[in-house]
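K.L.:
dropping the sequence and predicted coords here.
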Amino acid sequence: MNKIENNSKKERVARMFDRIARSYDFLNHFLSLGIDIYWRRRALAWLRQKNPTYILDVATGTADLALMAQKVLPAHTTIGIDISEKMLEIGRQKIEKKQLKDKITLYSGDSEQINFQENTFDAAMVAFGVRNFENPIKGLSEIRRVLKDKGTILVLEFSKPRLFPFKQLYNFYFSFILPLIGRIFSRDKEAYTYLPESVQQFPDGKAFGEMLQKAGFGAVQIKTMTLGVVSVYMAEK
């Protein structure tokens, strides 16, 4: 599968996630108070109406979304790709432990150069990964390329709450408390400083919907959860 060849954003992101891979799952659940599990389940329940049988999980990480999909969706097969080898190692261990190696396969892979032919997958999904793409439009366009006609993309991503005073409380937690706890447990200063910065810089809501359209998708639908902390986007090739 693809190798990262230069000192790009994706290489820095890959190294960062390699460093925090061992503490990643724990911190995800701890810092979100376990709500991230609910977010994934709700997003997949929305995808279930499309009844996909062959799914690509981009930026799969430790395969949390791929594993959740086995519980939520009808019988299907998932291919997961990620640029972090350490995250993939943990994902493979989880898959083996749950005896799902015949249902989920993980590869090292880059969202901007997906090693599958056009019109391969019924659906593609990305959870908390698009903002890590070096070139989001290119990554989304590449995902579109490997989808079948009328195939579906599902994106779960952080967004920015707008309701007072929840917006202010959330921003304080996300900008100060979360990075502090993340640094303590992961012992990595960069990773949990990068998280709030990347969320603040990334377009959400209508702006991300327009990004999907620019990448060639249509029939864009958007739902928010937990007072706007995350958004779910679904669109069609």
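P.N.:
Noted; the coordinates are in hand. This structure is a prediction, so every number in the text was calculated from the model and none was measured.

K.L.:
what strands flank whichever strand in the chain runs longest, and is each parallel or antiparallel?
P.N.:
For the chain, the strand reaching the highest residue count under DSSP state E is reported as strand 147-158. When pairs are called by DSSP bridges, strand 147-158 turns out to pair with strand 121-127 (parallel), strand 230-236 (antiparallel).

K.L.:
pull it out as PDB, backbone CA atoms only.
P.N.:
What follows is strand 147-158, C-alpha atoms only, in PDB (Å, rounded to 0.1, in the frame of the first residue of the first chain):
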ATOM      1  CA  LEU A 147     -17.500   4.400  -4.900                       C
ATOM      2  CA  LYS A 148     -20.000   2.800  -7.200                       C
ATOM      3  CA  ASP A 149     -22.500   4.900  -9.000                       C
ATOM      4  CA  LYS A 150     -25.000   6.200  -6.400                       C
ATOM      5  CA  GLY A 151     -22.600   5.000  -3.700                       C
ATOM      6  CA  THR A 152     -22.700   6.800  -0.400                       C
ATOM      7  CA  ILE A 153     -20.200   8.700   1.700                       C
ATOM      8  CA  LEU A 154     -20.700   9.100   5.500                       C
ATOM      9  CA  VAL A 155     -18.600  11.500   7.400                       C
ATOM     10  CA  LEU A 156     -18.600  12.000  11.200                       C
ATOM     11  CA  GLU A 157     -16.700  15.000  12.300                       C
ATOM     12  CA  PHE A 158     -16.400  17.500  15.100                       C
END
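
K.L.:
just the buried residues of the following helix or strand past that strand, please?
P.N.:
Going down the chain from strand 147-158, the next helix or strand is helix 166-172, by DSSP states H and E. Going by neighbour count (16 or more other CB atoms under 10 Å), the buried part of helix 166-172 is Tyr170. Heads up, the C-betas are built off the backbone N, CA and C, glycines and all.

K.L.:
other SSEs contacting helix 166-172?
P.N.:
Identification of packing neighbours for helix 166-172 by 3 or more CB pairs under 8 Å, 6 or more residues apart in numbering; DSSP states H and E yields no helix or strand.

K.L.:
right, I'll call it a day here.
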